[in-house]
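Participant: here are the coordinates; sequence isn't available:
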């Protein structure tokens, strides 16, 4: 990130080694690669250009990225990448900022980060920046980008704005259907989706480090999400899984005896959520939704938010992408009490594992995309 934007803290060799080691661990790569990653970061100081666009959003992904990083990670990114354009954090404004964007696009070869959904209704007039529809800005910027990273639920799948009147879409997807609006400019380019609402900063840091070091993207699932972060099922790894198996479901928030019980009856979408929030945690690894007694909203999935609303109401007829509909009440009624709950858990998990393994196999069969 350019020095005039957010300052330039001093970088040490220990900082490089720390971020290199952490990024490799997050991506499940060998720690033996640490020296190579550290050298790549050192060699790329200020050379990796990043253009960060914001469309129909709340800037929550930006806030998550710049506020939740540990100082070493922030220090390295501030000096390692060259942030050419980001309307929220850059010092310039007005025509000066638009000139910076135009110059970066003209030079090309940058990492394009997209935050916020892309409204298509009324020819994109629901979101304009510098007098231009955001949909046209995205198209123009994507054409000259080396790699495209939509971040957050809105930029990846449409998110909350998709439920509104603006005909909002993600960069490549609209709900569970492929959306072809940007297929032409994305053809041949690596696209890495990093959903959740908001973006988890560590996932973007690791992807950027991987790209800077190897010039490729990590293995992806069929929704273009890194398997290292989205290859795990929340329900399968939930600390409340034992309560689900035993048939203990929270029904009364104020009952102290029910604290820690399964949140399915309060709308938890954990059985259909594929992410590693349970391991990665948020706010410098202090907590996450379920630990805070809040049901998982599955904000990592294409169905969020439109198909998962209302969030605090259970969905009996659950749609598992790539698997079909599961009537959980019928599963739970197969036999009585705790045994029924156990069968329900086993069925959901076996289906989840089938989907996860299918994603992994698809990623293995598909070669990694390289920088174009």
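Facilitator: All right, it came through fine. All figures in this text were calculated on a predicted structure; none of them were measured in a lab. Numbering: from 1, shown residues only.

Participant: Show me where the stretch 151-300 of the chain has its helices.
Facilitator: Counting by DSSP state H, counting those that start in this stretch, the segments of the stretch 151-300 of the chain that form helices are 152-157, 183-186, 201-214, 227-230, 234-237, 241-245, 277-280.

Participant: closest one to residue 110 among those?
Facilitator: Within those, the stretch nearest residue 110 is helix 201-214; the backing value is 11.5 Å (Cβ to Cβ). C-beta coordinates here come from the backbone N, C-alpha and C atoms, glycine included.

Participant: and the gap between residue 169 and residue 156?
Facilitator: 10 Å (Cβ to Cβ, to the nearest Å).

Participant: re the thing from before, pick the most deeply packed of the helices of the stretch 151-300 of the chain.
Facilitator: helix 152-157 (a mean of 32; mean count of other Cβ atoms under 10 Å).

Participant: list the helices and strands that one packs on?
Facilitator: With contacts defined as 3 or more Cβ pairs under 8 Å, 6 or more residues apart in numbering; DSSP states H and E, helix 152-157 has these neighbours: helix 60-67, strand 111-115, strand 173-174.

Participant: CSV please, covering these and showing mean neighbour count and distance to residue 265.
Facilitator: Output for the helices and strands packed on helix 152-157, formatted as CSV (neighbours: other Cβ atoms under 10 Å; distance: least, Cβ to Cβ, whole Å):
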stretch, mean neighbour count, distance to residue 265
helix 60-67, 20, 28
strand 111-115, 28, 34
strand 173-174, 20, 30
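
Participant: Make JSON lines out of the ones you listed and add distance to residue 301 and mean pLDDT.
Facilitator: Listed next are the helices and strands packed on helix 152-157 as JSON lines, based on distance: least, Cβ to Cβ, whole Å; pLDDT from 0 to 100:
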{"stretch": "helix 60-67", "distance to residue 301": "17", "mean pLDDT": "85"}
{"stretch": "strand 111-115", "distance to residue 301": "18", "mean pLDDT": "96"}
{"stretch": "strand 173-174", "distance to residue 301": "11", "mean pLDDT": "64"}
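
Participant: out of these, nearest to residue 240?
Facilitator: helix 60-67 (24.8 Å).

Participant: if we can go back for a sec, let's have the helices and strands packed on helix 152-157 in JSON lines, adding distance to residue 311.
Facilitator: What follows is the helices and strands packed on helix 152-157, written out as JSON lines (distance: least, Cβ to Cβ, whole Å):
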{"stretch": "helix 60-67", "distance to residue 311": "16"}
{"stretch": "strand 111-115", "distance to residue 311": "22"}
{"stretch": "strand 173-174", "distance to residue 311": "21"}
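
Participant: follow-up on the earlier one: the helices of the stretch 151-300 of the chain: lowest mean pLDDT?
Facilitator: Mean pLDDT is lowest for helix 183-186 out of those, coming in at a mean of 80.

Participant: still on that earlier bit, among the helices and strands packed on helix 152-157, which comes closest to residue 199?
Facilitator: Closest to residue 199 of the helices and strands packed on helix 152-157 is helix 60-67 (Cβ to Cβ; 3.9 Å).

Participant: hmm, who's touching the closest one?
Facilitator: 6, 52, 54, 74, 86, 88-89, 115, 151-152, 155, 197-201, 204 (Cβ atoms under 8 Å, 6 or more residues apart in numbering).

Participant: ok, back up a step: closest one to residue 119 among the helices of the stretch 151-300 of the chain?
Facilitator: From those, taking Cβ to Cβ, the stretch that ends up closest is helix 152-157, at 10.3 Å.

Participant: got the contact list for the closest residue to residue 136 other than its chain neighbours?
Facilitator: Leaving aside its sequence neighbours, residue 136 sits nearest to residue 124 (Cβ to Cβ, 6 or more residues apart in numbering; 6.6 Å). Residues near residue 124 by Cβ under 8 Å, 6+ apart: 118, 133, 134, 135, 136.

Participant: if you set the cut-off to 7 Å instead, what comes out?
Facilitator: 133, 134, 135, 136 (Cβ atoms under 7 Å, 6 or more residues apart in numbering).

Participant: I'd guessed the first one sits against residue 121; true?
Facilitator: So that's residue 133. No: with contact defined as Cβ atoms under 7 Å, residue 133 and residue 121 do not form a contacting pair (10.6 Å).

Participant: So the two - more neighbours on which side?
Facilitator: A direct count of neighbours by other Cβ atoms under 10 Å for residue 133 and residue 121 places residue 133 higher, at 20 against 13.

Participant: And the pLDDT at the more buried one?
Facilitator: Taking residue 133 on its own, its pLDDT is 95.

Participant: Please tell me how far it sits from residue 155.
Facilitator: 16 Å.

Participant: go on, residue 231?
Facilitator: Distance of residue 231 to residue 155, computed by Cβ to Cβ: 21 Å.

Participant: cool, residue 92 as well?
Facilitator: Taking Cβ to Cβ, one finds residue 92 at 23 Å from residue 155.

Participant: Can you tell me which of the helices of the stretch 151-300 of the chain is nearest to residue 128?
Facilitator: Minimum separation from residue 128 across the helices of the stretch 151-300 of the chain (Cβ to Cβ) falls at helix 152-157, 16.7 Å.

Participant: can you list the residues that contact that closest one?
Facilitator: For helix 152-157, using Cβ under 7 Å, 6+ apart, the contacting residues are 56-57, 61, 114-117, 150, 159-161, 170-171, 173, 175, 193, 195-199, 299, 302, 304.
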